Structure formats: structure tokens, C-alpha cells
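1. with the input below, show me the fold.
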Amino acid sequence: MVSNVVRMRRVEGRPEEMSDEALLAACATGEQAALAALFDRHHRTVLRFVARAYGVDGASADDVLQVVFLEIYNHAARFEGRSAPLSWMLGIAANVTRKHLRSAGRRARLVVAYGSDGTQSQTPAEPDRALERRERVARLQAAVDALPEALREAFVLCDAEGVSGVEAARILNLKEGTLYRRLHDARRRLRAALGTLRES
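-> Take a look at the predicted model:
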């Protein structure tokens, strides 16, 4: 946990003069000026990392950057000082960027995995199959929407967004076993609701 000494320094200093540790402690108490100071201090490093490690630049990099610093702000209370603050922030940047890059592809694969009966993709010459596929996708969305919130969170994080079970458990503040039970239950209910789903 962040020490009381760090919290005292947060109160005493101006954001631009505070250490990264103190700024994170201030973010954890909801001080937006501290987030602005972290952004001013480190946004170029985060952008450079995202561009070099993942090839994300331009408008996409700006989108990622905003999400990264929102995540830093929202999870600042979890910084425990086991690594340097910048390393911790770059870890968040890596997670956000990976999620950004794979989200569209994962959603497409999810529709295929949970909405397909294994037939070849439909062509314009097969309107009946195209209609059937649209209905299947609509049933999937309705089935996901009908899940209890706890199960829906686990399913969307892990199967739709591609978050690892360990990270999803951390995000939801659950034990890993609880997360995996919820994910298994969500998948089972979806299979039962749709009838055409195969065991993964």
C-alpha cells in the first residue's frame, strides 16, 4: 500500500513538484490535478512506447493514450510500489494497447464461435443463410444481455475483450476461482440459450 508519508507529501506539495509515487497517491484520492501532472510528465514516453512496441500511432495512439491515463487514474490505489511508477504505468499502457488492437478481431471471432453452426460463410447468393446468421447473432446478443450482471461481466471481459482470467479477476476484485466459475456458468447458459454452441 502507498505509505502515509507519501500521502502527506501529496498534501504538502504542488503537483508539478511531487514525485510520481505521490502523484499516484493523490490520484487515488481523486485529485485530477495529479493526473494532469502525470500526463504532462509521461505522455510522450507512453506514446513512444505504444508506437514502438505495437505500431499504434496517429488518432489511434491518441485514443489509447486517453484510455491509459484514465486507467492509471482509476487504478492508482492499486499501485503498491513493487515497481517504479513509470514501469507500472507502462504495464497499463501495454494492457490497454493489446486490448485495443485485438478487440475488433476478437468480436468477429466471438460471433463466429458462438453464432455459427460450422457452415461456410454466406455469400450474397445465399440469402437464407445470411438471414439465419443475422438471427443467430441477434440471439447471441440477446442471450448475453440476459445474463446476470456478474456472469455478463466475466464473459464480456474474457471472451469478448480478451482479458486474461487473472487480470479479469483483478479488475472485478474476485478470486480467480470465482471468476472462472462465473465464466464457465456464463458459457453454459449461453450454450443452453442458443442451442447450437459447441463445448470450447
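2. pull up the gap between the closest residue to Val56 other than its chain neighbours and Leu24, please.
-> Of all residues not flanking Val56 in the chain, Val50 sits nearest, at 4.9 Å (Cβ to Cβ, 6 or more residues apart in numbering). The C-beta positions use only the backbone N, C-alpha and C, and glycine is treated the same way. Computed as Cβ to Cβ, to the nearest Å, the Val50 to Leu24 distance reads 20 Å.
3. comparing the two, which shows the higher neighbour count?
-> Remark: of Val50 and Leu24, Leu24 carries more neighbours, 27 against 23, as counted by other Cβ atoms under 10 Å.
4. I'd assumed Arg78 was in contact with the more buried one.
-> No. Look at Leu24 against Arg78 with Cβ atoms under 8 Å: they stay out of range, at 9.4 Å.
5. how far off centre is stretch 33-40?
-> Its chain's average C-alpha position is 22 Å from that of stretch 33-40, according to Cα atoms, centre = their mean, to the nearest Å.
6. mind starting the numbering at 55 from now?
-> Renumbered: residue one is now 55, and that last one reads stretch 87-94.
7. give the rounded mean pLDDT of that stretch.
-> Stretch 87-94 shows a mean pLDDT of 92.
8. swap in stretch 109-127?
-> Averaged over stretch 109-127, pLDDT sits at 87.
9. that stretch: which residues count as buried?
-> Val110, Ser114, Ala115, Val118, Leu119, Val121, Val122, Phe123, Glu125, Ile126, Tyr127 (16 or more other Cβ atoms under 10 Å).
10. of those, which is the nearest to Leu237?
-> Nearest to Leu237 among the buried residues of stretch 109-127: Glu125, at 22.0 Å, using Cβ to Cβ.
11. how much space between that closest one and Ser73?
-> In terms of Cβ to Cβ, Glu125 sits 20 Å off from Ser73.
12. can I get the buried residues of stretch 109-127 in TSV with secondary structure?
-> Shown next, in TSV, are those (DSSP: H, G, I helix; E, B strand; the rest coil):
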residue	secondary structure
Val110	coil
Ser114	helix
Ala115	helix
Val118	helix
Leu119	helix
Val121	helix
Val122	helix
Phe123	helix
Glu125	helix
Ile126	helix
Tyr127	helix
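13. what is the helix or strand containing Ala197 packed up against?
-> According to DSSP states H and E, Ala197 maps onto helix 181-200. Of the remaining helices and strands, those touching helix 181-200 by 3 or more Cβ pairs under 8 Å, 6 or more residues apart in numbering; DSSP states H and E are helix 139-169, helix 203-209, helix 230-248.
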